[in-house]
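[1] with the input below, show me the fold.
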Amino acid sequence: MFEGFKEERVGTGEVELFVRHGGSGPPVLLLHGHPRTHATWHRVAPLLADDFTVVCPDLRGYGRSSKPATTADHEPYSKRAMARDCAARRSTPATTSRRRPRPSSPPDCAGSSAPAADGPLPGRRIRAARQR
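    As a prediction, this is how the structure comes out:
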């Protein structure tokens, strides 16, 4: 599962996320749903890794990511808090320039790059792989 992907723990300032990442190209962030983990993407991520840097975190409170104490309004587990975790890495030098990050540097959790209109689209690649 996730052959060729690296595992890392990434601090966001509020929590520490467990992240699996691999591939090369523009970053794609794959978020799991409730009550899942990054492993949800074990079949899709390797297909996307041919064209993209695929980032699969365990959101806060799930899997191997940290589990902060909750509050009366449950804000530490809100979607906004989870989005902050992913956006925390957006302003790193590797993602503000158009250069690809070096393979040894951790990937951006919230890349905004999109595939070129004439390039391969992830959905087409996945459908083609299923038809084989």
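[2] in the protein, which segments are predicted with low confidence?
    Scanning the chain for pLDDT under 70 picks out the ranges 89-132.
[3] any idea where the helices of the chain begin and end?
    44-48, 79-87, 93-96, 122-131 (DSSP state H).
[4] just give me the longest strand of the protein.
    What stands out as the longest strand in the chain, according to DSSP state E, is strand 16-23.
[5] partner residues bridging Val55?
    Here Val55 shows beta-bridge partners His21, Leu29, assigned using DSSP bridges.
[6] surely it meets Leu31?
    No: when contacts are counted by CB atoms under 8 Å, Val55 is not listed as touching Leu31 (9.5 Å). No exception for glycine: its C-beta is placed from N, CA and C like everyone else's.
[7] how close does Arg64 sit to Thr53?
    Using CB to CB, to the nearest Å, we find Arg64 at a distance of 20 Å from Thr53.
[8] between those two, which has more neighbouring residues?
    When Arg64 is set against Thr53 and neighbours are counted by other CB atoms under 10 Å, the residue ahead is Thr53, at 22 against 15.
[9] now the more buried one, nearest residue through space, not along the chain?
    Here the nearest residue to Thr53 in space, its sequence neighbours aside, is Pro27; by CB to CB, 6 or more residues apart in numbering that works out to 4.6 Å.
[10] one more: Thr12?
    Once flanking residues are discounted, Thr12 sits nearest to Ala88: 4.0 Å by CB to CB, 6+ apart.
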